[in-house]
Every structure is written in structure tokens, then in C-alpha cells.
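Peer 1: Build the 3D model from these lines:
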Amino acid sequence: MPGNTLKEKLINKLKEIDDPAILEEVSNLFELQEQETVFISNNEQKKAIDEAQQQIKNKQTLDNEQANKESDECTSKTGKRLSDILRI
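Peer 2: Here you go, the predicted model:
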């Protein structure tokens, strides 16, 4: 086995694996590395991203607790779930 490349070692190790769960995880890993997703944004989305980035630069952010509190207040006032309000 000395002199084997990393690729050869991985192939040999894969040949030894019989556990379907591990093989599935390896398969998922390969798929993640192979896929490259390109997102196309419209002008409204680009504007929202720019605004959010500016808010981050200006430290206009909420921690998780504050965000949950504001979300709860919003939903209690409207009687709707946040996902309904945001149309998610």
C-alpha cells in the first residue's frame, strides 16, 4: 500500500464499506462538492441584500433572543404566523 495516492486509498476504503448509511453520507458529500448553484437575483432582491449588508455594517442587528421577541410581538398583534406574514 505504500506509494498509493490519496485517491487510491479512498477508493480502497470505499470498497471495504458495507454500511449503507455511511455510503449514503459519502455519496451526499460527493454530490455537494460537484454541484455549483448560481442564484440569479432580481433588482428588488439585490436592493434587499444591499440594505441588509448596510445594516450589518452599521451594526443594526438583533441577537436571537431579540429577534424571537420581535417575531412573537408581530405574530401576537396580527394573529398570523411569521411565515404567513413574510409569505415564505
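Peer 1: just for this structure, where's the confidence low?
Peer 2: The model of the chain has pLDDT under 70 over residues 1-3, 32-36, 82-88.
Peer 1: rerun that using 90 as the cut-off
Peer 2: 1-4, 10, 19-39, 67-88 (pLDDT under 90).
Peer 1: what ranges do the helices span in it?
Peer 2: Taking DSSP state H, the helices of the chain run over residues 6-16, 20-34, 43-57, 64-78, 82-86.
Peer 1: Just send these back as JSON lines, with mean neighbour count too.
Peer 2: Just so you know, the C-beta spots here come from the backbone N, C-alpha and C atoms, and that holds for glycine as well. Output for the helices of the chain, formatted as JSON lines (neighbours: other CB atoms under 10 Å):
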{"stretch": "helix 6-16", "mean neighbour count": "10"}
{"stretch": "helix 20-34", "mean neighbour count": "10"}
{"stretch": "helix 43-57", "mean neighbour count": "10"}
{"stretch": "helix 64-78", "mean neighbour count": "11"}
{"stretch": "helix 82-86", "mean neighbour count": "11"}
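Peer 1: Convert the C-alpha atoms of stretch 65-72 to PDB, please.
Peer 2: What follows is stretch 65-72, C-alpha atoms only, in PDB (Å, rounded to 0.1, in the frame of the first residue of the first chain):
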ATOM      1  CA  GLU A  65     -33.400  36.500  21.700                       C
ATOM      2  CA  GLN A  66     -34.300  40.000  20.400                       C
ATOM      3  CA  ALA A  67     -35.400  38.500  17.000                       C
ATOM      4  CA  ASN A  68     -37.600  35.900  18.700                       C
ATOM      5  CA  LYS A  69     -39.200  38.600  20.900                       C
ATOM      6  CA  GLU A  70     -39.900  40.900  17.900                       C
ATOM      7  CA  SER A  71     -41.300  37.900  16.000                       C
ATOM      8  CA  ASP A  72     -43.600  36.900  18.900                       C
END
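Peer 1: Off-centre distance for it?
Peer 2: In this view, stretch 65-72 has its centroid 21 Å away from the chain centroid, taken as CA atoms, centre = their mean, to the nearest Å.
Peer 1: Fine by me, we can end here.
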